[in-house]
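Engineer: prediction below, plus the sequence it came from.
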Amino acid sequence: MTDAFAFPDGFLWGAATAAHQIEGSPLADGAGPSIWTRFAHTPGLTHNGDTGDVACDHYRRWKDDVRLMRELGLTAYRFSVSWSRVLPEGTGRVNPAGLDFYSRLVDALLEAGIEPLLTLYHWDLPAALDDRGGWLNRDCAGWFAEYATVMAKALDGRVRKWVTLNEPWVITDGGYLHGALAPGHRNKYEAPIASHNLMRAHGAAVQAYRAVGRHEIGLVVNIEPKYPASDAPEDQTATRRAHAYMNEQYLHPALLGHYPPELREIFGDAWPDWPAEDFALIRQPLDFLGINYYTRNVTRADGSWPLKAGAVKQPSATYTETGWEVFPQGLTDTLLWVRRTYGDIPLYVTENGAAFFDPPVAEGGRVRDPLRIDYLRRHLRAVHEAIRAGCDIRGYMVWSLLDNLEWSLGYSKRFGIVHVNYATQQRTVKDSGRWYANVVRSHGRAL
Ligand SMILES: N#[N+]C[C@@H]1[C@@H](O)[C@H](O)[C@@H](O)[C@@H]2O[C@H]12
């Protein structure tokens, strides 16, 4: 066993999931509907009409899933709370059964020696708040702060790593600009407002947490590094626009207190003049950043709306089932860019993984997924390269523990290191899960 890939002491080896993608039982025990309950039940909006009504039935099978995590030797588990399970109307009345579900889950994780990383918001806004304007209503900052306070009072101390938002870029690009995700709006004027209010809500939740909690809180963003397709000036500026829109739009206000200038160029008259006091709210000191990395983008100028920047397919590359190029160097480049741009803030890779076509469960209970093992090995080595280059990376969460509901793509894409038979809910650890367990056991040296 070489020490070529020795990871720092205390480095957390985990897996990540999200409430709506695995729990099922969205309305059980007093829970309220979310925008995803509505979106998925609207005909034509999800693959095959797939919904989160059952998903991985984790709401009922959570004890077995924690047992599975312990068998894999995980030292951390990143999950999200369904806001409307705890606050059915989004504000006001707390649903004790909803809070109790997460309290019992956290206790079981701690009992198994697994550190919980709790995400407050992973895309499933209470439908009752969407009826009041959702992320387009400036009151959302107060709603989110109230929810954060409820959760912090109930769980802080047992949960010591908190995340406000998961991937604000996807929430607004998917939910308000292009409409592929809940709540399914396609409006250039709404997207900047939703983005800005999400970041206001992030800041308000950090303040609310700090009034109650005594541990760590951060933000999770998806970063997709952009590489110009050519030296042509138009490709260079398109790359800059795409980078600002996807990678700087949220980290700049959160950590630097201003937006990148390209956003006004991209949105034109749809980009408001924001009140100066908003940036004081948004820019709260953070204990860590979570980076979700999947792929890169080779970018050229094109006529796409509104970015005028598009991707160039790489002929010799391997692509995943979601059409993403496998490019581990992009993860190292991303982690070094974050450190260069925003300073030495502690980092977690809070999501990294891939959907490949998995064969059915073979006799004896094997799922051979060599492409996923290769993807994970190469990306974990990329993380180690960033650590050697000086990045303060404190953990890695594979996406995902379980095959699960891939939002509008339904159950058509499998990201899990554990296979789920959705008809029987049988879990089967894939070869990648066994491989990852060995990497965890060796603290990375088996890479
Ligand atoms: N697609 N894809 C996989 C994965 C998605 O399932 C997560 O919910 C998101 O946080 C992020 O987009 C990444």
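Structural biologist: Structure received.
Engineer: any chance you could map the helices in the stretch 1-150 of the chain?
Structural biologist: Counting by DSSP state H, counting those that start in this stretch, the stretch 1-150 of the chain has helices at residues 19-22, 35-40, 58-72, 83-86, 96-111, 127-130, 140-155.
Engineer: including mean neighbour count, mean pLDDT and distance to T350, could these go into JSON lines?
Structural biologist: C-betas here are computed from N, CA, C, even on glycine. JSON lines is the format used below for the helices of the stretch 1-150 of the chain (neighbours: other Cβ atoms under 10 Å; pLDDT from 0 to 100; distance: least, Cβ to Cβ, whole Å):
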{"stretch": "helix 19-22", "mean neighbour count": "26", "mean pLDDT": "98", "distance to T350": "15"}
{"stretch": "helix 35-40", "mean neighbour count": "22", "mean pLDDT": "98", "distance to T350": "20"}
{"stretch": "helix 58-72", "mean neighbour count": "18", "mean pLDDT": "98", "distance to T350": "16"}
{"stretch": "helix 83-86", "mean neighbour count": "28", "mean pLDDT": "98", "distance to T350": "19"}
{"stretch": "helix 96-111", "mean neighbour count": "17", "mean pLDDT": "98", "distance to T350": "16"}
{"stretch": "helix 127-130", "mean neighbour count": "22", "mean pLDDT": "98", "distance to T350": "25"}
{"stretch": "helix 140-155", "mean neighbour count": "21", "mean pLDDT": "98", "distance to T350": "18"}
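Engineer: now do the strands in this structure.
Structural biologist: Under the criterion DSSP state E, the chain contains strands at 12-16, 76-80, 115-121, 161-166, 216-222, 226-228, 288-292, 297-301, 309-311, 347-352, 393-399, 418-421, 426-429.
Engineer: out of the helices of the stretch 1-150 of the chain, the one nearest the ligand is which?
Structural biologist: With Cβ to the nearest ligand atom, the closest approach to the ligand among these belongs to helix 19-22: 5.9 Å.
Engineer: same for that closest one, what does it pack against?
Structural biologist: If contacts are counted by 3 or more Cβ pairs under 8 Å, 6 or more residues apart in numbering; DSSP states H and E, helix 19-22 sits against strand 76-80.
Engineer: could you check how far the strand it packs on is from the centre of its chain?
Structural biologist: The chain centroid and the centroid of strand 76-80 are separated by 11 Å, computed with Cα atoms, centre = their mean, to the nearest Å.
Engineer: quickly run through the sheet partners of that strand, with directions.
Structural biologist: Strand 76-80 pairs in its sheet with strand 12-16 (parallel), strand 115-121 (parallel), by DSSP bridges.
Engineer: tell me the angle of the last one relative to strand 393-399?
Structural biologist: Note on geometry: by axes from the mean of the first three to the mean of the last three Cα atoms, to 10 degrees, strand 115-121 and strand 393-399 are set 70 degrees apart in direction.
Engineer: strand 115-121 - what's its average pLDDT?
Structural biologist: Mean pLDDT, computed over strand 115-121, is 99.
Engineer: over to stretch 433-447?
Structural biologist: pLDDT averaged over stretch 433-447 gives 97.
Engineer: who touches it?
Structural biologist: Outside stretch 433-447, the residues that touch it by Cβ atoms under 8 Å, 6 or more residues apart in numbering are 1-7, 11, 13, 71-75, 373, 376-377, 380-381, 384, 398, 416-418, 429.
Engineer: for the longest helix along the chain, packing partners?
Structural biologist: When the chain is parsed with DSSP state H, its longest helix is helix 190-212. Helices and strands touching helix 190-212, as assessed by 3+ Cβ pairs under 8 Å, 6+ apart, comprise helix 140-155, strand 161-166, helix 168-172, strand 216-222, helix 262-267, helix 276-282.
Engineer: go with 10 Å
Structural biologist: Helix 190-212 sits against strand 115-121, helix 140-155, strand 161-166, helix 168-172, strand 216-222, helix 262-267, helix 276-282, with contacts defined as 3 or more Cβ pairs under 10 Å, 6 or more residues apart in numbering; DSSP states H and E.
Engineer: for M199, which of the ones you listed is the nearest?
Structural biologist: M199 lies closest to helix 276-282 among the helices and strands packed on helix 190-212, at 4.5 Å (Cβ to Cβ).
Engineer: which residues does the closest one contact?
Structural biologist: Residues outside helix 276-282 that contact it (Cβ atoms under 10 Å, 6 or more residues apart in numbering) are 138, 141, 196-204, 206-207, 250, 252-259, 274-275.
Engineer: from the ligand, how far off is the residue nearest the centre of the chain?
Structural biologist: Closest to where the C-alpha atoms of the chain average out (Cα atoms, centre = their mean) is N166, at 4.5 Å. Applying Cβ to the nearest ligand atom, to the nearest Å, the value for N166 to the ligand is 5 Å.
Engineer: which residues touch the closest residue to that residue other than its chain neighbours?
Structural biologist: Residue nearest to N166 in three dimensions, not counting chain neighbours: H122, with 4.3 Å by Cβ to Cβ, 6 or more residues apart in numbering. By Cβ under 10 Å, 6+ apart, the residues touching H122 are 16-21, 78-83, 163, 165-167, 171, 220.
Engineer: quick one, which of the contacts of helix 276-282 are buried?
Structural biologist: 141, 196-204, 206-207, 250, 252-255, 259, 274 (16 or more other Cβ atoms under 10 Å).
Engineer: pLDDT weak spots in the stretch 301-447 of the chain?
Structural biologist: Counting by pLDDT under 70, the stretch 301-447 of the chain shows no low-confidence range.
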